[in-house]
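Asks: build me a model from this:
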Amino acid sequence: MKSFTFSVKAVIHQTIWTNRFIALVVGLLISTCVTWAGSLIATWDANSEPDLAGYIVCYGTQSANYTEQVDVKNSTTFIAEDLQDGVKYYFVIKAYDHSGNVSAPSTEVSAVVGSPMLVAMKEDKAIRLVWTPVHNCDTFEIFRSQNPYFTPTTAIATLSATDHEYIDTHHFTSNQHETYYTVRALAGGQTIHEYQTVGAYNIDIHTGLNLVSFPLIPADPSVRASFADQLTGGENSAEADQLRFWNGEEYLVAWLYEGSAVEFNDTWISAATGKETQHKVDPSAAFWILVQEGHSETALTITGCVPTEAERTITLMQGHNFIGCIFPLTTSLEKTELYQDGVMKGGVGSGESDILNAWDGTGYERAWVVDGVNDDLDGTWMDETGKQEATVTFQPGKGYIIWIKGDNECKVWTFPNPAFAD
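Replies: Model (predicted):
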């Protein structure tokens, strides 16, 4: 039977994911009134072999020395409980068939026990929520909203303390563009923990070039985990849809293999190396998606955590900077503080000003900022002609290219979260 092949990356919120969706989610919090037990949730994609019988999870506190081994049968989720706060645990997964043959172990992954975690994943036409357990709670309440910064009011489901996942089809059956979730742990009717908000956001993509970005923070930023099979693959890069990431000097291209070499199907390939890409998606950066002629135009579903920071710091260098919207809310150019921070130089005309480029599917809509004219006009964003104010806004899921023409003294841009703006 097929063995596991994985790569490992420690990512935000102390979640460890591999490029085959094995994940370790850690959770421990000590409170004066409630004690949470440290836990890890491992979740992975099911093998497709017809003779698959189950999986074995091996873990321990030393690398390659696993003191615990659990047969989880056909489950693709395992919760390791009663772990020690601040201790790193090492995990591998094995698969076995009905004849008793056991696969080689996955690449080892590890994590240090931390705070309770909630993760959202796209599974077919549903969003799967998985969270770490909280001891002393008796129920979990699930909340849903179309507002990324919502205050939970009415629960859509109430689950027992032994339940640690929930499948929701609402995002797809209701054709929602964005859906957000949180979970509360209750004891005696009182909330003892509220998990961070996670969500699913659809990015519409069309034939040709699409300049996009992630409005959520992915649990696993790898290309494999972020896109899975949502784009159309092919035998080679000319046949397949492409991802194009600008690194400041050149584009790094990745494409999904789907073809006669079945052992490589569903593998994202680096066009430069011909091997599986190791690229990670930066949620602060924009990138291109090329949808080939004749391929399906679709909505790309991105899952992740809702950003909670009041602002995000980005460095803009001379040349072209590929920037994402960053937050799941529309922001006017005035409120981005690009001009106030001094990272984009203005002028009396577009020729001497730095330029913000917004791709509309066929060409760029450009904006520049007036500076050095008078107090009434300085700071006004204009279109390329300079005859009317720009209509460009920062929109979730969209990407932007900021052209810094000179070596500006100020390079650090502090992008304020519009959810917390005055």
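Asks: middle-most residue in this protein, spatially?
Replies: residue 218 (1.8 Å; CA atoms, centre = their mean).
Asks: how about that one, nearest residue that isn't a chain neighbour?
Replies: Using CB to CB, 6 or more residues apart in numbering and skipping residues adjacent in sequence, the residue nearest residue 218 is residue 304, 4.3 Å away. For every residue, glycine as well, the C-beta is placed using N, CA and C.
Asks: what bridges to the one you found?
Replies: residue 199 (DSSP bridges).
Asks: residue 205 now?
Replies: residue 298.
Asks: hmm, it is touching residue 300, no?
Replies: Yes. Taking contacts as CB atoms under 8 Å, residue 205 lies within contact range of residue 300: 5.6 Å.
Asks: the two: who's more crowded?
Replies: residue 205 (23 against 19; other CB atoms under 10 Å).
Asks: show the model's pLDDT score for the more buried one.
Replies: We have a pLDDT of 96 for residue 205.
Asks: please apply the same query to residue 326.
Replies: 89.
Asks: what about the helices in the chain?
Replies: For the chain, the helices defined by DSSP state H cover 170-173, 223-227, 333-336.
Asks: list the contacts of the last one.
Replies: Translated: helix 333-336. Identification of contacts with helix 333-336 by CB atoms under 8 Å, 6 or more residues apart in numbering yields 356, 367, 369, 379, 381, 390, 392-394, 415-416, 418, 421.
Asks: please repeat the previous calculation with a cut-off of 6 Å.
Replies: By CB atoms under 6 Å, 6 or more residues apart in numbering, the surrounding residues in contact with helix 333-336 are residue 381.
Asks: can I get that helix in CSV? Just the C-alpha atoms.
Replies: In CSV, the C-alpha atoms belonging to helix 333-336 read as follows (Å, rounded to 0.1, in the frame of the first residue of the first chain):
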residue,chain,number,x,y,z
LEU,A,333,-7.1,54.1,0.5
GLU,A,334,-7.3,57.0,3.0
LYS,A,335,-7.6,54.6,5.9
THR,A,336,-4.7,52.4,4.8
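Asks: any low-confidence regions in the stretch 51-200 of the chain?
Replies: Within the stretch 51-200 of the chain, no stretch has pLDDT under 70.
Asks: how close does the residue nearest to residue 166 when sequence neighbours are not counted get to residue 51?
Replies: Leaving aside its chain neighbours, residue 166 sits nearest to residue 129 (4.6 Å; criterion: CB to CB, 6+ apart). Per CB to CB, to the nearest Å, residue 129 is found 31 Å from residue 51.
Asks: which one's more surrounded, those two?
Replies: More crowded of residue 129 and residue 51, by other CB under 10 Å: residue 129, with 24 against 11.
Asks: mind giving me the domain split of the chain?
Replies: 1-115, 202-305, 311-420 (automatic domain parsing).
Asks: what are the buried residues along stretch 144-160?
Replies: By 16 or more other CB atoms under 10 Å, the buried positions in stretch 144-160 come out as 144, 145, 148, 149, 152, 155.
Asks: format those as JSON lines; extra columns: distance to residue 334.
Replies: Output for the buried residues of stretch 144-160, formatted as JSON lines (distance: CB to CB, whole Å):
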{"residue": "144", "distance to residue 334": "32"}
{"residue": "145", "distance to residue 334": "27"}
{"residue": "148", "distance to residue 334": "21"}
{"residue": "149", "distance to residue 334": "21"}
{"residue": "152", "distance to residue 334": "32"}
{"residue": "155", "distance to residue 334": "38"}
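Asks: now intersect the residues you listed with the strands, please.
Replies: Of the buried residues of stretch 144-160, the ones assigned to strands by DSSP state E are 144, 145.
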